[in-house]
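**Student:** got a sequence here, can you build the structure:
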Amino acid sequence: MNFRWSRVLAMAKKEVFHVVRDPFTLSLSIGLPAFLVFAFGYAIEFNTKYIPLGVHDDDKTQSSRRLIETFGASQYFISTQLPTPAAAQDALAMEKNRGALIIPAGFEEDLFAGRTGQAQLLLDGSDNSTVSPILNYVNAIENLAATRLVNFEPPQVLNLKTRYLFNPELNSRWFVIPGLTVVVMAILSILLTALTVAREWENGSMELLLSTPVKPVEIIIGKLAPYGIMGLLAVLLVYVISRTVFHVPFQGNFAVFMLGCVLFITTYLAQGLVISVVTRKQELAMQFAMMTGMVPSQLLSGFIFPIESMPKFFHYFTMLFPARWFMVVARQSYLKGSTFMEMSAAFAALTTLCCISIAIATRRFKRDLEP
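**Tutor:** Got it, this is the predicted structure:
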């Protein structure tokens, strides 16, 4: 029996009817990308701002007030006066404040006598993800406060001027939203495919296909093609929202970016097919899809945690996941404008993983269909 595209189109048409009649699938494919982009775009902020700071001033002089004003004048701290040092520490312990500034008596006297003015800054170390940014802010504020308090700016022996390339304002949304393309595509591709094919096994309709003159490869292409198109439409939706709502720049070649999307989607469609064949139940298929799709795309792709900062084992372990490589394509296409050759290593890895996934899915699917 020869391969025929007419049978593939018939299978794809049948799958489209399933999608149109299924409210869950429709809402997942249309609503989930938009929800994730808006939720992550507005919620995730790597630049810590408006940190509540409790302040106790025992000195009550012009110099101590200038120090407090220097903290409050920045957009990073919101200062609140507290009556005693114990009250400042209690507010820190009860998580009402993230820091406490305690200025002892004699602060201005030490400054005017040529000695170093002493003040204590207490920080909440239970969340070390914010301690490092706060310390950077404090160092900058300390230098500014020293100039304002003594009205003297020391001569500069070295002047380093920093310029941020590709993201001049260090806008967190420019970093987060391109990575959301990876997360959205991974979830949609693997979840929709795993659920849909598993439903066929549960309903017994897959056995009906065995009695028809349809080759397994025709079933695979016909079933997966509509979800591949839905994944690409989700990419376009994320792209439009990122450009129009969040004003994220896109510096790269859109055709090269879409090529990476096709490779990535195909890999996860094949992975979803394997999950459906192995589990044959929608509940199990959803659990496996979330474990192998959502978790790696968020935690092991560089979306939030830099791969370079991971232990050596996980640095190499992430290479097994397509999300890690497509994250490179997405972010470099958006922000750096990298060419195909500059991203050739990522494309080579995506192509290899795609071919392996298709081979495994085809072989396993054939073995389960053929008597």
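**Student:** what ranges do the strands span in the protein?
**Tutor:** Using DSSP state E, the strands of the chain run over 51-57, 77-81, 99-103, 120-123.
**Student:** and the contacts of the last one?
**Tutor:** Yep, that's strand 120-123 we're talking about. With contacts defined as Cβ atoms under 8 Å, 6 or more residues apart in numbering, strand 120-123 is touched by 88-89, 92, 98-104, 131, 134-135, 138. All C-beta atoms are positioned from the backbone trio N, CA, C, and that covers glycine.
**Student:** the closest residue to Val8 other than its chain neighbours: neighbour count?
**Tutor:** Nearest residue to Val8, sequence neighbours excluded (Cβ to Cβ, 6 or more residues apart in numbering): Gly222, at 4.5 Å. Residues lying near Gly222 (other Cβ atoms under 10 Å) number 20.
**Student:** pLDDT score assigned to Gly222?
**Tutor:** Looking at Gly222, its pLDDT is 83.
**Student:** and it, how far is that from Val131?
**Tutor:** 54 Å (Cβ to Cβ, to the nearest Å).
**Student:** give me the longest helix you can find in the chain.
**Tutor:** helix 172-203 (DSSP state H).
**Student:** who are the packing partners of it?
**Tutor:** Here helix 172-203 touches helix 23-43, helix 205-210, helix 216-244, helix 254-279, helix 282-289, helix 295-299, helix 322-331, going by 3 or more Cβ pairs under 8 Å, 6 or more residues apart in numbering; DSSP states H and E.
**Student:** distance to Glu109 for those - can I get that in JSON lines?
**Tutor:** Formatted as JSON lines, those follow (distance: least, Cβ to Cβ, whole Å):
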{"stretch": "helix 23-43", "distance to Glu109": "47"}
{"stretch": "helix 205-210", "distance to Glu109": "85"}
{"stretch": "helix 216-244", "distance to Glu109": "55"}
{"stretch": "helix 254-279", "distance to Glu109": "63"}
{"stretch": "helix 282-289", "distance to Glu109": "66"}
{"stretch": "helix 295-299", "distance to Glu109": "53"}
{"stretch": "helix 322-331", "distance to Glu109": "53"}
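**Student:** closest to Leu82 out of these?
**Tutor:** Leu82 sits nearest to helix 23-43 of all the helices and strands packed on helix 172-203, at 30.2 Å, using Cβ to Cβ.
**Student:** and the closest one, how far from the chain's centre?
**Tutor:** Distance of helix 23-43 from its chain centroid, counting by Cα atoms, centre = their mean, to the nearest Å, is 14 Å.
**Student:** can you give me every residue that contacts the closest residue in space to Ser74 that isn't next to it in sequence?
**Tutor:** Once flanking residues are discounted, Ser74 sits nearest to Ile141: 6.2 Å by Cβ to Cβ, 6+ apart. Ile141 is in contact with 70-71, 74, 76, counting by Cβ under 8 Å, 6+ apart.
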